[in-house]
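Visitor: I'll drop the sequence and a predicted model, then ask my questions.
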Amino acid sequence: MRYSLFDGQRDVIILIARILLMILFVVSGWAKLTGFEGTVSYMTSLGAPAPMLAAAVAVVMEFFVAIVLILGFYTRPLAFLFALFVLGTALIGHPFWNMVDPERSANMTQFLKNLSIIGGLLLLAVSGPGRFSLDRR
């Protein structure tokens, strides 16, 4: 068996990773929740199907599910579900392939950022929440 420098800190690192992965969503989810009418308007401007429902789903996922993931509750299935949500937001919110520069470049970066977040979420879905989680209690 091979020993890694981080083996002793694995659970702390996973906790930090959960927090860092989700802090963006908690902040943006809170803004969507407290400015719900504006969120619905934004969803409408994106051409999202059922803008009111899309806004509600965004609030639930970005605020409430993100907090649950930070706490490490139902981590594996929710991390996978969140990865699908982030893929949907990338496809709906950052369709850089339909744009021209400079909007294209900015949205391509945002799209790729979403793919990076999906990678972290899939890793969390496979690795689990670590010891410092409600799943482990």
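Guide: Thanks, I have it.
Visitor: show me where this structure has helices.
Guide: Using DSSP state H, the helices of the chain run over residues 10-34, 36-46, 51-59, 66-71, 75-93, 103-127.
Visitor: closest to Leu134 out of those helices?
Guide: Nearest of these to Leu134, taken as Cβ to Cβ: helix 66-71 at 5.2 Å. No exception for glycine: its C-beta is placed from N, CA and C like everyone else's.
Visitor: which of the residues in that closest one are buried?
Guide: Using 16 or more other Cβ atoms under 10 Å as the test for burial, helix 66-71 gives Ala66, Val68, Leu69, Ile70, Leu71.
Visitor: Am I right that the fourth one is in contact with Met22?
Guide: Yes: taking Cβ atoms under 8 Å as the contact criterion, Ile70 and Met22 are neighbours in contact, 5.0 Å apart.
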